Each structure stands twice: as structure tokens, then as C-alpha cells.
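**Student:** Structure of the sequence below:
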Amino acid sequence: MTKPAPIVIPPVVKPPKREDILSVPLQPFISITALAAAKINYLVDNCPLEIGWAGAVNYHPDILCYEIVDVWGIKQIGAPAHFTYTSDDYNVAKAALMKNIPEFGGESLGHSHVTMATIPSPDDIEQMMSLHDTASYYIQTIHNKKGDVFGAIYDFTTGYYHDDVYVEIQSMLSAEVIVELEKQLENVTRYVAPPPTSRRFPVVSRPKNSSVITQGEWEEDDYSMLNPEWDSSKYYNDKGHYIGPGATNYGDL
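**Tutor:** Below you'll find the model as predicted:
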């Protein structure tokens, strides 16, 4: 007699955790130092035309950060919707950058769109692609007078580009200073106005088809209940005229 086959209970499969499903790899981003951002804002705010500049960039692979550390305006021909320059003009700006930053890993080419949206035009994209043989990677930023910023990363070594990436503007304040400022903000208490103590208003009657207002009695509303010591005679006479501080005599009604 054969033994019956053993009953096999299938293992319980637990569902995956949500963070495992939604996890995404770290995305590259652009960071602009406070000094470089101040220079960019000055160029954009004080030029009525499109203006371009070269930038020195350092790459931080541990956080995938492309940091623009300094910029220099290019000698160029500007117009309301475009700007042009020569390779010699760009090299002069790059040489000026190298005096301030002797070594940097990559370069950036930024320009303004004056008051227009910071969306790259086909000419902007073509301009970036023309730089493929000049550096391992190029950072593109587009700014306007409204404070909008667009950023893109062109990595010619790997053959990838990252469009519309996050652009961080670094603060000139150190972490220690920010902590102190946060403590100072905690010392601010919102002002709360006290409730009113009394209001007086006239009860008037207007005869039908008449523009004459007949003076009636004056009533005091329920706000006087909030302050039993309220003495209306110090502020209003028997006709309801205000006679307190700053009162003006408008005569009898």
C-alpha cells in the first residue's frame, strides 16, 4: 500500500513595500553659488537685450550635482530675442574665468530671455549641440527678469542630456547663521487686537417720499456688556455726538 503524497502548503508571499515600488534613482541637478547667481542677476536685470555668459562648473558625483561656481559675460551682439558671439569671444571669457577659478571640470553657457519664458528655443538647443567637441559636459541655464530659471545638462561623454532639471540657488548665509535667524524668528509673537468695548449708533426714521432724516433715539449695542465700567457719557453727549479725544464739532443734527 502506497503512502499518500504529503500536503504541500505554498509559502506566503508578502507584498512589496511601497517605497520599493516608488523608489527612483538620484536625479542630477544644477547648483549655482551665491556669487555666481548675484552676477547673473546683475547682468540680466541691467541689460534690456538677451545677454550670454560663460560659466565654470565643478561636478560632485556623490550627489550628481553640477555646481556653477563663477560666470563671466561674453563680448557679443545682443538683440531682443537672440545673441551671437565668436569662439574667440568665448575663449576670452573663459580665460578670465580661469584667473578666478584655476581649475574646473566643465563649462556652462547661460543666457537671458529678458521678460520671455525660459523655454529653450530650437536655436538654443542647436547652440548647445555645437559645443559637443569642446568639453566633456556643458550646463545650460536660461534666466529672465522675473526670476525664472531653466536648466539642462548636456553630458557629451555618456551621450545623454537631462532636460529641465532642478536648479538650486545657494544662499550666502551659512548653516550656523540660518540657525540663529530661526531662533530670532521664534521671538516674534503675532499681535492680537482686543475686542471692542462699545459701539453706539443712531436710530433714525425717514418719512416716506422724504429726504429729511428725523433724529431719533440712540442705542448702545451688546458690546457694552463686555465692560461693565464703560461710561458712554465720557465719549458721547445726549444727542449721540462723539465728544471724546480728537472730537470735531459738526453742530447739531
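
**Student:** Kindly report the domain assignment for the protein.
**Tutor:** The record's domain parsing of the chain by automatic domain parsing lists 26-184, 200-234.

**Student:** closest one to Tyr191 among those?
**Tutor:** domain 26-184 (17.5 Å; Cβ to Cβ). In this view, the C-beta of every residue, glycine as well, is placed from N, C-alpha and C.

**Student:** Please identify the deepest-packed of the domains of the chain.
**Tutor:** domain 26-184 (a mean of 16; mean count of other Cβ atoms under 10 Å).

**Student:** which non-adjacent residue is nearest Gly106?
**Tutor:** Counting by Cβ to Cβ, 6 or more residues apart in numbering, Gly106 lies nearest to Val57, which is 4.1 Å off, once chain neighbours are set aside.

**Student:** hang on, the one you found packs against Leu109?
**Tutor:** No. Counting by Cβ atoms under 8 Å, Val57 sits too far from Leu109 to count as a contact (10.2 Å).

**Student:** who touches both of those two?
**Tutor:** Residues touching both Val57 and Leu109 by Cβ atoms under 8 Å, 6 or more residues apart in numbering: Ile139.

**Student:** Report the mean confidence score over stretch 105-115.
**Tutor:** Average pLDDT, stretch 105-115: 93.

**Student:** Are we agreed that Ala56 is in a strand?
**Tutor:** Yes. Assigned with DSSP: H, G, I helix; E, B strand; the rest coil, Ala56 falls within a strand.

**Student:** is it true that it touches Pro102?
**Tutor:** No. Ala56 lies out of contact with Pro102 (Cβ under 8 Å); the separation is 9.7 Å.

**Student:** End to end on stretch 135-155, go ahead and measure it.
**Tutor:** 9 Å (Cα to Cα, to the nearest Å).

**Student:** For that stretch, give the mean pLDDT please.
**Tutor:** Rounded mean pLDDT across stretch 135-155 is 93.

**Student:** i'd like the first residue to be 51 from this point on
**Tutor:** Got it, the first residue is 51 from now on, which makes the last one we talked about stretch 185-205.

**Student:** which residues touch the nearest residue to Ser221 once chain neighbours are set aside?
**Tutor:** If the residues on either side of it in the chain are set aside, Ser221 comes closest to Ala84, at 6.3 Å by Cβ to Cβ, 6+ apart. Shown in contact with Ala84 (Cβ under 8 Å, 6+ apart): Ile219, Gln220, Ser221, Met222.

**Student:** can you list those residues in CSV and add distance to Lys233, pLDDT and secondary structure?
**Tutor:** Below are the contacts of Ala84 laid out as CSV (distance: Cβ to Cβ, whole Å; pLDDT from 0 to 100; DSSP: H, G, I helix; E, B strand; the rest coil):
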residue, distance to Lys233, pLDDT, secondary structure
Ile219, 24, 94, strand
Gln220, 22, 94, coil
Ser221, 17, 90, coil
Met222, 19, 89, coil
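
**Student:** State the pLDDT value of Leu76.
**Tutor:** In this prediction Leu76 is given a pLDDT of 76.
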